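Participant: below is the structure, and that's it, no one-letter string:
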């Protein structure tokens with residue numbers, strides 16, 4: 001029978017199965033078949049020398065069953081049994097080695113963990129065990145036999161505000177049922193000198209009473225706490241904006257349900273935030289406004305980009321104009337699930353803009369009047385005599401202004417002679433030429449004689465072409481001759 005050879009490392013289960021197999025195998029050999037005198041058997045045949053000898057002779061008168069074949073068989077079986085027993089002993093030694101190695105495996109495993117792990121005697125406040133991570137953090141020897149003798153060994157590195165929290169947590173563990181879990185969060189000063197956040201879970205070991213212990217395991221949650229703090233800060237900022245921004249801020253989902261409102265929205269609808277959230281905003285507005293806002297929200301959601309528009313909302317004290325900026329709100333996957341709106345009341349700005357426009361219009365009118373006065377001046381020369389020099393181009397609008405200024409000036413000055421000097425006019429079309437004639441005739445209806453001076457050849461030709469009726473109008477070549485004519489006529493009054 002061949003001996004069993006080990007070609008690999010065996011675990012406890014494999015060794016146990018092999019041992020049982022070997023024991024059963026040796027049990028299959030009846031012990032009565034090999035109960036021979038070992039001394040005599042080995043004196044006849046030795047497995048080392050492979051030498052045979054004569055079998056023992058039976059006593060006189062007794063028939064012996066011993067034969068050479070039987071002796072060889074017995075010796076061979078005994079040798080195989082001896083080899084199997086040695087193999088069993090070797091396997092049992094290997095089992096002992098594995099058991100010894102297994103006893104150190106949990107400790108090596110715990111030392112490899114990035115978490116803080118310890119076993120604490122709740123009565124004595126003594127660490128029974130703490131792993132390498134906790135030992136390195138505390139800065140003392142660790143394991144099952146080293147370290148701070150008391151459970152308050154963390155105090156120098158725990159944030160002062162959290163020590164009471166840890167004590168309360170351990171008291172809860174001590175009073176809990178075996179296996180019942182408790183948790184606590186606290187800050188520990190890290191190797192870099194900064195504060196690190198840890199989440200610890202602890203369970204009581206054994207029954208409540210003297211000598212009770214607890215198992216604690218804490219892992220670093222600093223990144224999570226930083227994220228939570230950033231979220232809390234963001235929420236705080238959002239809350240501040242919602243509460244104190246004078247604009248209306250609102251967010252609605254695809255169906256128009258209110259997801260977020262601020263104080264201005266509460267004031268507008270005269271409803272609390274709790275009453276508004278979940279309501280469909282379109283049901284709270286007049287039909288025209290609801291339709292306009294729904295359309296704007298749908299357009300922003302469809303386009304996937306912000307948009308701005310003006311909207312008018314009606315209050316009891318009158319309408320107000322808002323500039324509404326709408327924008328899509330996306331979830332973590334980038335899908336649009338809501339539309340946000342920030343509406344700024346621009347009613348005062350719109351009113352101020354209208355007032356500025358009105359003031360500008362009036363200013364322009366005043367400027368135009370001043371300009372007209374400057375470009376169509378009516379100058380009194382003597383009692384009952386006025387003159388209007390005209391310079392530059394004359395279009396129908398200016399011609400109308402000339403007529404108006406002339407007639408108003410004649411009436412105001414009670415002028416009997418009005419000199420209309422067109423020396424500075426370069427070009428006159430037929431319409432403007434006719435307007436001069438019409439002005440002279442209108443002045444004649446007021447009892448005033450019009451003296452037209454400074455007529456150039458081109459203007460004279462135009463007047464002739466249109467067949468202008470100049471009867472009743474005195475024409476002079478220069479302004480000087482016209483003034484002389486007027487003053488001479490005045491002496492005759």
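Facilitator: Received the coordinates, thanks. This is a predicted model, so every value here is computed, not measured. Residues are numbered from 1 along each chain as shown.
Participant: pLDDT weak spots in the stretch 301-450 of the chain?
Facilitator: By pLDDT under 70, the low-scoring segments of the stretch 301-450 of the chain are 371-376.
Participant: helices of that one, start to end?
Facilitator: 347-375, 396-413, 430-445 (DSSP state H, counting those that start in this stretch).
Participant: redo these as TSV? Include mean neighbour count.
Facilitator: To be clear about C-beta, it is placed using only N, CA and C from the backbone, and glycine gets the same treatment. Shown next, in TSV, are the helices of the stretch 301-450 of the chain (neighbours: other CB atoms under 10 Å):
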stretch	mean neighbour count
helix 347-375	11
helix 396-413	16
helix 430-445	18
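Participant: and these as TSV, adding distance to residue 454?
Facilitator: Shown next, in TSV, are the helices of the stretch 301-450 of the chain (distance: least, CB to CB, whole Å):
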stretch	distance to residue 454
helix 347-375	16
helix 396-413	14
helix 430-445	11
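Participant: nearest to residue 110, of these?
Facilitator: Closest to residue 110 of the helices of the stretch 301-450 of the chain is helix 347-375 (CB to CB; 69.1 Å).
Participant: same question for the top helix by length along the chain, mean pLDDT?
Facilitator: Ordering each helix of the chain by length in residues (DSSP state H) puts helix 68-112 first. On average, the pLDDT along helix 68-112 is 77.
Participant: just checking, what packs against that helix?
Facilitator: Here helix 68-112 touches helix 12-27, helix 38-44, helix 132-138, going by 3 or more CB pairs under 8 Å, 6 or more residues apart in numbering; DSSP states H and E.
Participant: next secondary structure after the last one?
Facilitator: It refers to helix 132-138. Downstream of helix 132-138, the next assigned helix or strand under DSSP states H and E is helix 163-174.
Participant: and the contacts of the helix or strand following that following helix?
Facilitator: Per DSSP H and E, the first helix or strand lying C-terminal to helix 163-174 is strand 181-189. Applying CB atoms under 8 Å, 6 or more residues apart in numbering, the contact partners of strand 181-189 are 137, 154, 157-159, 161-162, 165-166, 168-169, 172-173, 176, 195-203, 221, 225.
Participant: same question for stretch 249-265.
Facilitator: Contacts to stretch 249-265, defined as CB under 8 Å, 6+ apart, come from residues 241-248, 273, 276-282, 294, 297, 301, 329, 337-343.
Participant: just the buried ones from those residues?
Facilitator: Using 16 or more other CB atoms under 10 Å as the burial test, these include 242, 247-248, 276, 279, 281-282, 294, 297, 301, 338-343 as buried.
Participant: just checking, which of the residues you listed belong to strands?
Facilitator: Secondary structure from DSSP state E places 248, 338-343 of the buried ones among the contacts of stretch 249-265 in strands.
Participant: turn the residues you listed into CSV, columns for distance to residue 442.
Facilitator: Below are those laid out as CSV (distance: CB to CB, whole Å):
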residue, distance to residue 442
248, 62
338, 72
339, 67
340, 68
341, 63
342, 62
343, 59
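Participant: residues contacting the closest residue to residue 130 other than its chain neighbours?
Facilitator: Distance criterion CB to CB, 6 or more residues apart in numbering; nearest residue to residue 130, sequence neighbours excluded, is residue 118 at 3.9 Å. Listed by CB under 8 Å, 6+ apart, the contact partners of residue 118 are 127-131, 134, 215-216.
Participant: show me what residue 118 is bridged to.
Facilitator: With DSSP bridges as the criterion, residue 118 is bridged to residue 130, residue 216.
Participant: separation between residue 304 and residue 330?
Facilitator: To residue 330, residue 304 is 9 Å away according to CB to CB, to the nearest Å.
Participant: now do the shared contacts for the two.
Facilitator: With CB under 8 Å, 6+ apart as the test, residue 304 and residue 330 both reach residue 336.
Participant: near residue 285, how many other residues are there?
Facilitator: As a burial measure, residue 285 scores 17 neighbours (other CB atoms under 10 Å).
Participant: report pLDDT for it.
Facilitator: 89.
Participant: roughly how far does it sit from residue 407?
Facilitator: From residue 285 to residue 407 the distance is 59 Å (CB to CB).
Participant: got it, and residue 464?
Facilitator: According to CB to CB, residue 464 and residue 407 sit 26 Å apart.
Participant: kindly report the same for residue 381.
Facilitator: 18 Å.
Participant: and what of residue 320?
Facilitator: Between residue 320 and residue 407 the distance is 49 Å, computed by CB to CB.
Participant: buried ones in the helix or strand hosting residue 483?
Facilitator: Here residue 483, judged by DSSP H and E, is contained in helix 479-491. For helix 479-491, a neighbour-count test (16+ other CB under 10 Å) marks 479, 482-483, 485-486, 489 as buried.
Participant: pick out the lowest-pLDDT one from these.
Facilitator: For these, the pLDDT minimum is residue 489, 82.
Participant: apart from its chain neighbours, what residue comes closest to it?
Facilitator: In this structure, residue 489 finds its nearest non-sequential neighbour in residue 417, 6.1 Å apart by CB to CB, 6+ apart.
Participant: with residue 439 instead?
Facilitator: residue 403 (4.7 Å).
Participant: other SSEs contacting the strand or helix carrying residue 227?
Facilitator: If you go by DSSP H and E, residue 227 is part of helix 222-244. For helix 222-244, the elements it packs on are strand 195-205, helix 263-269, judged by 3+ CB pairs under 8 Å, 6+ apart.
Participant: would you mind finding the most buried of those?
Facilitator: Among those, strand 195-205 has the highest mean neighbour count (mean count of other CB atoms under 10 Å), at a mean of 19.
Participant: quick check: angle from that strand to helix 163-174?
Facilitator: Angle, strand 195-205 to helix 163-174, by axes from the mean of the first three to the mean of the last three CA atoms, to 10 degrees: 20 degrees.
Participant: now do strand 195-205: distance to the chain's middle.
Facilitator: How far strand 195-205 lies from its chain's middle: 31 Å, per CA atoms, centre = their mean, to the nearest Å.
Participant: and that strand, what does it pack onto?
Facilitator: For strand 195-205, the contact count by 3+ CB pairs under 8 Å, 6+ apart identifies strand 116-121, helix 163-174, strand 181-189, strand 213-220, helix 222-244 as packing neighbours.
Participant: partners of it, with directions?
Facilitator: Sheet pairing of strand 195-205 (DSSP bridges) gives strand 181-189 (antiparallel), strand 213-220 (antiparallel).
Participant: show residues contacting it.
Facilitator: Outside of strand 195-205, the residues that reach it under the criterion CB under 8 Å, 6+ apart are 116, 119, 122, 159, 169-170, 173-174, 176-190, 212-222, 224-225.
Participant: show the buried residues in those.
Facilitator: By neighbour count, with 16+ other CB under 10 Å, the contacts of strand 195-205 hold 116, 119, 122, 169-170, 173-174, 176, 182, 184, 186-188, 212-218, 220-221, 225 as buried.
Participant: circling back: ranking the helices and strands packed on helix 68-112 by mean pLDDT, which is last?
Facilitator: helix 38-44 (a mean of 43).
Participant: so which of the strands paired with strand 195-205 is nearest residue 356?
Facilitator: When the strands paired with strand 195-205 are compared by CB to CB, strand 181-189 sits nearest residue 356, at 59.5 Å.
Participant: between the closest one and helix 222-244, how many degrees?
Facilitator: Computed by the same axes, to 10 degrees, the angle between strand 181-189 and helix 222-244 is 90 degrees.
Participant: so strand 181-189 versus strand 116-121, what angle?
Facilitator: 120 degrees.
Participant: what separates strand 181-189 from the chain centre, distance-wise?
Facilitator: Taking mean C-alpha positions (CA atoms, centre = their mean), strand 181-189 and its chain are 29 Å apart.
Participant: list the contacts for the residue nearest to residue 439?
Facilitator: For residue 403, the contacting residues are 435, 438-439, 442, by CB under 8 Å, 6+ apart.
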